[in-house]
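A.B. asks: Could you look at this predicted model? Sequence included:
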Amino acid sequence: MTDLRWKTTPYAGWGRALKATGPLARPDTRNELTEAAFPAHGNRRSYGDAPLNSAGAALDMSRLDRIIAFDTKTGVLEAEAGVTISTLARICPAKGWLPAVMPGTGFATIGGAIAMDVHGKNHHNKGSFGQHVKAITLLQGSETRTITPKDKTLWQATVGGLGQTGIILSARIQLSPCAGRQMRVTETRASDWAEHIALLDASDATYCVGWIDATATGDALGRGIVEEAEIAAGSLPPAQTPTSRAVPFNAPHFALAAPIVRAFNQLYYHRVPEEGRTLLRPMQDFFFPLDRIHDWNRLYGRRGFHQFQCVVPPDQTDALRAMAEAIATSGLASPLAVLKKMGKGRAGYLSFPMEGFTLAVDFPNRPAAVQLIAELDRLTEAAGGRIYLAKDSLASCSTVRAMYPDYAAWRDAVEKADPDHRLATDLIRRLGLRSPS
């Protein structure tokens, strides 16, 4: 390997509860990676230890951020792994295109979106990110190879495969037609759990997501706001474009105390009129609302936070309701809680999506939260669901293997691609995913 500059530094995933210290290198060009056998990450927006390698060195691919080609007639774009989703969301609509699937943060890179097979607010009709990828260029030791869905086993082990088949250098993706640069959003109050699920289930909007008040109990359990959206022609004037803010320091431990969170959620719920409303919003404001608050993870203080995200089958909403009740009565939830309906689409052996409903909630890193998440993991497994490895920082090996029926096929493929385990990360070791059954 030529000219890589290494610096030993502490680093963390977005949740900041799990950390690593080790040599990091940030290559500026692919020429610096003539041979490489280290775990790679992008902007480390995975919440737990998926991007960490406390046992050795790692590659930061965020500077490999060049768009290689863009056919504006067909919407096929080729880009390096470090290109962010927000970059594509900013430049592609002017040409009439948009990434078919966009996760909740625009800071996610293309490489990360593939490695985690991310989903968005339109999973019910567009599936996962990996389903719109046409080719991936991998670096496997000293060999560079481009794979397509025809390379079925390696492809399914790579997409959603946690970076274990090689370093993703670039990808060719199919964009979706885009008729405008703003969103027409309809906001509707859901007064309780049953109404919330019913609104999500009945929606035929292109994009649909629910914010759930994870502190509400009793008759109000599950109340929230359902947002349905369509791309609208035109763009908002500059005066209406929101500006970014930053959290300048770690918040004190009481900043997300239960009474404060309950009060915030009460105000947030009532910001939408009882009869609902429809309004125009900037595209990036709708898709990536928290990106306007840089370093918002500091709101959880120095100890960081954990996120629990699961998906359960469509007939298991009672199990999901039981989880929501456990969360609401715990006094541990933050204002960041999401409920969505998902479709069948997934692209890889370890891809998270499955048909059903997904719940995601953030918790400050406290012992009681660790215990609660263990119980939520148990309820998820009992319901035939699975947890999202891009968000996980606490699950057990046996739990994850049981949740992913294609796990053995993934393990066999990555063992062939990386027999010396050089690409293993802290998450891989914590969950024993590369270990024999």
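C.D. replies: Nice, I can see it. No experiment lies behind these values; they were computed from the predicted model shown.

A.B. asks: Where does the prediction get shaky in the stretch 151-300 of the chain?
C.D. replies: Along the stretch 151-300 of the chain, the model assigns pLDDT under 70 to residues 235-244.

A.B. asks: Please, where are all the strands along it?
C.D. replies: Assigned by DSSP state E, counting those that start in this stretch, the stretch 151-300 of the chain shows strands spanning 167-177, 182-190, 207-212, 224-232, 245-246, 277-282, 293-294.

A.B. asks: Any chance of JSON lines for these, columns mean neighbour count and distance to residue 337?
C.D. replies: Where C-beta positions appear, they are placed from N, C-alpha and C, glycine not excepted. Shown next, in JSON lines, are the strands of the stretch 151-300 of the chain (neighbours: other Cβ atoms under 10 Å; distance: least, Cβ to Cβ, whole Å):
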{"stretch": "strand 167-177", "mean neighbour count": "21", "distance to residue 337": "28"}
{"stretch": "strand 182-190", "mean neighbour count": "19", "distance to residue 337": "13"}
{"stretch": "strand 207-212", "mean neighbour count": "24", "distance to residue 337": "5"}
{"stretch": "strand 224-232", "mean neighbour count": "21", "distance to residue 337": "8"}
{"stretch": "strand 245-246", "mean neighbour count": "11", "distance to residue 337": "21"}
{"stretch": "strand 277-282", "mean neighbour count": "14", "distance to residue 337": "20"}
{"stretch": "strand 293-294", "mean neighbour count": "14", "distance to residue 337": "17"}
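
A.B. asks: out of the ones you listed, which comes closest to residue 434?
C.D. replies: strand 167-177 (16.6 Å; Cβ to Cβ).

A.B. asks: one step back: who wins for proximity to residue 199 among the strands of the stretch 151-300 of the chain?
C.D. replies: Among the strands of the stretch 151-300 of the chain, the nearest to residue 199 by Cβ to Cβ is strand 224-232 (4.5 Å).

A.B. asks: Now do the closest one and strand 277-282, the angle between them.
C.D. replies: 60 degrees (axes from the mean of the first three to the mean of the last three Cα atoms, to 10 degrees).

A.B. asks: Tell me how far strand 224-232 lies from the chain's centre.
C.D. replies: 19 Å (Cα atoms, centre = their mean, to the nearest Å).

A.B. asks: In the sheet, which strands lie alongside that strand, parallel or antiparallel?
C.D. replies: Sheet partners assigned to strand 224-232 using DSSP bridges are listed as strand 182-190 (antiparallel), strand 207-212 (antiparallel).

A.B. asks: And the closest residue to residue 258 other than its chain neighbours, how far from residue 251?
C.D. replies: Spatially, and ignoring its direct neighbours in sequence, residue 258 is nearest to residue 331 (4.1 Å; Cβ to Cβ, 6 or more residues apart in numbering). Separation of residue 331 from residue 251 (Cβ to Cβ, to the nearest Å): 18 Å.

A.B. asks: Same question for residue 429.
C.D. replies: Distance of residue 429 to residue 251, given as Cβ to Cβ: 31 Å.

A.B. asks: List the contacts of the biggest helix by length in the chain.
C.D. replies: Looking across the chain with DSSP state H, the single longest helix is helix 367-382. Defining contact as Cβ atoms under 8 Å, 6 or more residues apart in numbering, one finds that helix 367-382 is touched by 306, 308, 310, 312, 319, 322-323, 326-327, 330, 332, 363, 386-387, 394-396, 399, 402-403.

A.B. asks: Buried among those residues? Make that a PyMOL selection.
C.D. replies: Here is the PyMOL selection string for the buried members of the contacts of helix 367-382, based on 16 or more other Cβ atoms under 10 Å:
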select buried, resi 306+308+310+312+319+322+323+327+330+332+363+386+387+394+395+399+403
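
A.B. asks: What about the contacts of helix 367-382, which are in strands?
C.D. replies: 306, 308, 310, 312, 363, 386-387 (DSSP state E).

A.B. asks: Make CSV out of the residues you listed and add pLDDT and distance to residue 51.
C.D. replies: Listed next are the ones in strands among the contacts of helix 367-382 as CSV, based on pLDDT from 0 to 100; distance: Cβ to Cβ, whole Å:
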residue, pLDDT, distance to residue 51
306, 97, 15
308, 98, 19
310, 98, 21
312, 98, 27
363, 96, 20
386, 98, 20
387, 98, 17
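
A.B. asks: Specify the residue ranges that define each domain of the chain.
C.D. replies: Taking automatic domain parsing as the reference, the chain has its domains at 6-60, 67-179, 182-400.

A.B. asks: Could you dump these into TSV with distance to residue 424 added?
C.D. replies: Formatted as TSV, those follow (distance: least, Cβ to Cβ, whole Å):
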stretch	distance to residue 424
domain 6-60	7
domain 67-179	7
domain 182-400	14
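
A.B. asks: ok, back up a step: how many neighbours does the residue nearest to residue 258 have?
C.D. replies: Applying other Cβ atoms under 10 Å, we find 14 residues neighbouring residue 331.

A.B. asks: I'd assumed residue 259 was in contact with it.
C.D. replies: No. Using Cβ atoms under 8 Å, residue 331 is not in contact with residue 259; the gap is 9.2 Å.

A.B. asks: coming back round to it: what pLDDT does the residue nearest to residue 258 get?
C.D. replies: At residue 331, the pLDDT value in this model is 93.

A.B. asks: Which parts of this protein are helices?
C.D. replies: Using DSSP H, helices in the chain cover 85-91, 110-115, 123-126, 152-158, 193-202, 258-270, 283-287, 317-330, 367-382, 397-403, 407-417, 426-430.

A.B. asks: Out of these, which gets nearest to residue 169?
C.D. replies: Evaluated with Cβ to Cβ, the helices of the chain place helix 110-115 nearest to residue 169, the distance being 8.2 Å.

A.B. asks: Could you name the helices and strands sitting against that closest one?
C.D. replies: Using 3 or more Cβ pairs under 8 Å, 6 or more residues apart in numbering; DSSP states H and E, the elements in contact with helix 110-115 are strand 167-177.

A.B. asks: Would you mind listing the outside residues contacting the strand it packs on?
C.D. replies: 30, 33, 36, 38, 40, 59, 61, 64, 68, 75-81, 88, 92, 96-100, 110-111, 114-115, 126, 132-140, 144, 158, 423.

A.B. asks: Looking at the residues you listed, which are in strands?
C.D. replies: Using DSSP E, the members of the contacts of strand 167-177 that fall within strands are 40, 59, 68, 76-80, 97-99, 133-140, 144.

A.B. asks: Just the buried residues out of those residues, in PyMOL syntax.
C.D. replies: Selecting only the buried entries of the ones in strands among the contacts of strand 167-177 in PyMOL, with 16+ other Cβ under 10 Å as the criterion:
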select buried, resi 40+59+76+77+78+79+80+97+98+99+133+135+136+137+138+139+140+144
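
A.B. asks: With residue 333 as the reference, measure out to residue 262.
C.D. replies: Distance from residue 262 to residue 333, by Cβ to Cβ: 9 Å.

A.B. asks: list residues touching both of these two?
C.D. replies: Counting by Cβ under 8 Å, 6+ apart, the residues touching both residue 262 and residue 333 are residue 215.

A.B. asks: Please consider this matter closed, and thank you.
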